[in-house]
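Participant: sequence and predicted structure are below.
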Amino acid sequence: MTDETLARLQFATTAGFHWLFVMLTLGLAPLIAVMHTRHALRGTPLLERMTRFWGQIYVVNYVLGIVTGLVMEFQFGLAWSGLAEYAGNVFGAPLALETIVAFFAESTFLGMWIFGWGKLPKAVHVTLIWLVTLTAYASAYWIMVANGFLQHPVGHEVRGGVAYLTDFGAMLTNPNAINALVHAATAALMTGGVFVAGVSSYHFLKRTAEREFFRASLRLGLFVATPAAFVALYYGFVQIPTLVDTQPMKAATLRGHIDDLGSLRVEDVQAQLAQRFGAGDYRPPTWIATAFDVMQDVGYLIFLLIVVALVLLYRDWYLRFRPAAYLMLVAVPLPFVAALGGWLLREVGRQPWAVYGELTTAAARSPVGSMAASLVLFCGVFLALGVADVALIVRYARRGPAETDLGGSPGDGQAERPTASLAL
Amino acid sequence: MTLGLVWPALLGLLLAGYFVLAGLDYGVQMLTPRLGRDDRERRALLNAFGPFFLGNEVWLVAASGVLFGAFPFLEGRLLSGMYFLFTAILAGIVVGNAAVQLRSRHRGAAARRLWDGLIFLGGLVPAVGWGLVAGRILAGVPLDARNAFSLGPADLLDPFVLLCGATTAAVFLAHGAAFLAWRTDGEPGARAARAGRRGLLVAAAAAAAVLVTGSLSSARHALVHPWPAFVAGAALVIALLAGAALLRAGRTGPALAATSCAAALPVVALGAGLRPFALVSSSAPGTGLRLADAMAEASTLRLLAGFAAVMVPLMLLAQVWNWWMFRDRTGRTPTYL
């Protein structure tokens, strides 16, 4: 493998892990904020237990989100210093704002929320989870503004081989950022809703005692996931005309998979780009079309499943019709599969460009030689922590609300059960 | 004030905040396996920083954001130049951060012991690593014509740089001990105070050794302003000794204030010693990458300054609010970690 491939793999590993865990973070946060608010308004124990149970899963999931996010902030400087040399005046601004406007506040408030149970006034405590939710989505916005610049660089001019910011407003309203943000954010909401519905279905199938608890959870999950899935699908299509305009090569590679391409063909775009930027291969790998198909087909499948499930909520048919619960449980991983497909399409489909039409990925790389050792290190660390984290999420999900640690203070480790330590 | 002052000051503030706050995390992480005799005690020690832990760590995120946004022409050179060192620090932080949060999610003793080892490692690696980074920057880096550089592990085998690494490790350890002595009651708190006194004396000796080797070695020639850096280093030694005396007197709050100053002083030494440079050359003294050349263009800086003027006070307010809400000693805060 070339050094460039290794560097790209390292970035993809970090970003990919981050993306999968962040999907659930973004998806669960608003649901938990709604549960917590309803609890604060009505004061029912059921709603408090729901907040703590789903909040516990959220907090464990967040661990991987924050550690991979931390590494993400450094990946550009470590492995892609050419990006800062070329576009530092422009591309650094949204990333800086993401850290000081969003990431910093999100973590501070989440720490307070975790430890605020039985300690902070209810109104303050609920405000904190809404602040966590708000800053999480603000973070997503700034990241998409930065990513949108890489996809479709706007709001700048190039003098002497260096980019200068000329129109920040254009960056903030870049259609390639905004439409993708709506698409990704609603897909994340759908992920959270399907996750909650799927875990609830597991408890129906197991006939656990928490029927009312998971019935309420299921309803909330489906009420959020259904409209979210619809908007996510819609905003998938909204992006196609922008794609044809701003990234004709990526669009042309999808010929046969999307409509409205007109006369756009890979060979023609390749000839145009070669004429404009000099000899070279400007075609992304053809398998991004497969990634597109996976995203789209899995997306339709999820939409179908949740609409059927929503209909079955009528008179609690869902709780008596076990195949529905099985299907919903199996559906839990599907949004992540679709999200991976969409991410690969967006990022691999941009190749060979780091900044589309301006800076190639090869030119953006840091002069640090082989990254094989650090790639193995980061892969190993993320994989081990990711497996441990997912195992914990599965365990909390299966054991149900009685075994939640969050806000419980279960006797400060007194309630040790030395047996069955890691058993799921 | 001009942008040329505001942005270095903000970067310095965020880095100093990171060293003070995450420094105490790393110290507590290194101390927990030793000071906590059983699982209950270890949990009590970890929950001492519980409500602040996530907020402490993100000062690094904010510093990295400002580094990229305001100093884009330093960020890439610095991080890629010390590639393997930053990789190790990041991996250490990742492992330690996850271990702190996941440790008590497992109920079994064996799983918790494994996480305890990773908690220790995740404190030690960044604590040593940041000292090595600071030491190497103070002693200069082999800049080329483009003001870029690339270090290998051998470039760290310098007495001054290694002593800097040992110093930050000892300072953070003692700082964490002072924090535990201040925040926890009972026997673990008393053990932390004793460990803190010993740690502070070791840290003071290490810092004094840094001053001696610094004045004898190449670091003095690479630095533009060796004297201000020396004064910051001397203040570090004094702060550490004052912290030890205060801990002996049982005044844990002032002792924590003294160790907090000590944790922040390396940032002051860097700023005072290197100004007006961000990186100095180890081979050609008096040359390097100027801060002014490392910064983004004025219009970008002005734009970011507008956001920062609103957001940074809010950020600081949120952190102050956090410390105020959870100012009680442990025992009255829920146990989660």
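Facilitator: Right, received. Where do you want to start?
Participant: wait, A:V182 touches A:V231, no?
Facilitator: Yes. A:V182 lies in contact with A:V231 (CB atoms under 8 Å); the separation is 6.8 Å. Bear in mind the C-beta positions are built from the backbone N, C-alpha and C, glycine included.
Participant: just the endpoints, please. Distance across stretch B:263-283?
Facilitator: 30 Å (CA to CA, to the nearest Å).
Participant: from the middle of its chain, how far away would it be?
Facilitator: 15 Å (CA atoms, centre = their mean, to the nearest Å).
Participant: quick one: it near chain A?
Facilitator: No. Legend: contact between stretch B:263-283 and chain A by CB under 8 Å from any CB of the partner chain is lacking; minimum distance shown is 13.4 Å.
Participant: tell me the mean pLDDT over that stretch?
Facilitator: For stretch B:263-283, the mean pLDDT works out to 93.
Participant: buried residues in it?
Facilitator: For stretch B:263-283, the neighbour count (16 or more other CB atoms under 10 Å in any protein chain shown) marks B:263-274, B:277-282 as buried.
Participant: kindly report the same for stretch B:253-266.
Facilitator: Neighbour-count burial for stretch B:253-266 [16+ other CB under 10 Å]: B:254-266.
Participant: check those residues and tell me the two furthest apart.
Facilitator: Spatially, the most separated pair among the buried residues of stretch B:253-266 is B:P254 and B:P266, at 20.9 Å (CB to CB).
Participant: could I get the buried residues of stretch B:253-266 in TSV, plus columns for secondary structure?
Facilitator: Listed next are these as TSV, based on DSSP: H, G, I helix; E, B strand; the rest coil:
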residue	secondary structure
B:P254	helix
B:A255	helix
B:L256	helix
B:A257	helix
B:A258	helix
B:T259	helix
B:S260	helix
B:C261	helix
B:A262	helix
B:A263	helix
B:A264	helix
B:L265	helix
B:P266	helix
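Participant: out of these, who's nearest A:G369?
Facilitator: Proximity of these to A:G369 (CB to CB) peaks at B:P266, which lies at 29.5 Å.
Participant: what separation is there between the closest residue to the closest one other than its chain neighbours and A:N89?
Facilitator: Ranked by CB to CB, 6 or more residues apart in numbering or on different chains and with sequence neighbours excluded, the top spatial neighbour of B:P266 is B:A134, at 5.1 Å. Distance of B:A134 to A:N89, computed by CB to CB, to the nearest Å: 28 Å.
Participant: A:V59 too?
Facilitator: 38 Å.
Participant: all helices for chain B, in order.
Facilitator: Applying DSSP state H to chain B gives helices spanning B:3-35, B:39-48, B:50-70, B:72-81, B:83-102, B:109-139, B:159-183, B:186-216, B:219-222, B:226-248, B:252-274, B:291-294, B:298-325.
Participant: of those helices, which is nearest A:E267?
Facilitator: helix B:72-81 (36.4 Å).
Participant: identify all contacting residues around the closest one.
Facilitator: Here helix B:72-81 makes contact (CB atoms under 8 Å, 6 or more residues apart in numbering or on different chains) with A:74, A:76-85, A:88-89, A:91-92, A:366-368, B:64, B:67-68, B:86, B:141, B:147-151, B:278-279, B:289, B:291, B:293-296.
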